[in-house]
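> 3D, please:
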Amino acid sequence: MEMPPRSPDGSERSPPSRELITSRTGSTLCMSSRSESVWTSTSRSKWEIYHKPVIVLSVGAAVFLFGTVIISLSCFLKDEKKIYKMSGPAFLSLGLMLLVCGLVWIPIIRKKQKQRQKSQFLQSLKSFFFNH
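Numbers count the residues shown, from 1 in each chain. Okay, here's the model as predicted:
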């Protein structure tokens, strides 16, 4: 079993540096978090919130339409039909996958926005009751 480090005066107390580390844990975790903090209340526009899923949706729709065009070309053109038949379904499936990812992403963002609003409300209530 490992013995805790002793201070120079021989007492069993841990060194003060360890106390400093544990006392700042809560604030360090909030500052080092990569996600948006609940304490910042900057309002963002709809475009700033939804621009990534909209881009994924539009790219997916474009790739899906490109795959549709390639498959229709394989029906009408007789030469090099094998290339169209192989690449058409690949573009269709890739476009459909991006479309579904974008469509699923939007409700997830909405749910996160509602949770963020609830947590901001709870933080304001907590600060109101504990500061008065």
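> which SSE is immediately downstream of the one helix or strand in the chain whose mean pLDDT sits lowest?
The least trusted helix or strand in the chain, going by mean pLDDT, DSSP states H and E, turns out to be helix 25-32, with a mean of 46. Downstream of helix 25-32, the next assigned helix or strand under DSSP states H and E is helix 46-76.
> tell me the mean pLDDT for the very next helix or strand once past that next one?
Next helix or strand after helix 46-76 toward the C-terminus (DSSP H and E): helix 81-131. For helix 81-131, mean pLDDT rounds to 88.
> quick check: angle from helix 81-131 to helix 46-76?
Going by axes from the mean of the first three to the mean of the last three CA atoms, to 10 degrees, helix 81-131 is angled at 170 degrees with respect to helix 46-76.
> helices or strands up against helix 81-131?
If you count contacts as 3 or more CB pairs under 8 Å, 6 or more residues apart in numbering; DSSP states H and E, helix 81-131 packs onto helix 46-76. C-beta: built from backbone N, CA, C; applies to glycine.
> counting by contacts, list what the helix it packs on packs against.
helix 81-131.
> just give me the neighbour total for the closest residue in space to F66 that isn't next to it in sequence.
Closest residue in space to F66, ignoring its immediate chain neighbours: F91 at 5.3 Å, by CB to CB, 6 or more residues apart in numbering. Residues within reach of F91, counting by other CB atoms under 10 Å, total 19.
> also K126?
By other CB under 10 Å, the residues close to K126 number 10.
> what do you get for L96?
By the criterion of other CB under 10 Å, L96 has 15 neighbours.
> roughly how far does it sit from F128?
To F128, L96 is 49 Å away according to CB to CB, to the nearest Å.
> what does A90 give?
Taking CB to CB, one finds A90 at 57 Å from F128.
> tell me which of these two has more neighbours.
It is A90, of A90 and F128, that has more neighbours when counted by other CB under 10 Å, with 12 against 9.
> just to check, that one is in contact with G67?
Yes: with contact defined as CB atoms under 8 Å, A90 counts as touching G67 (7.3 Å).
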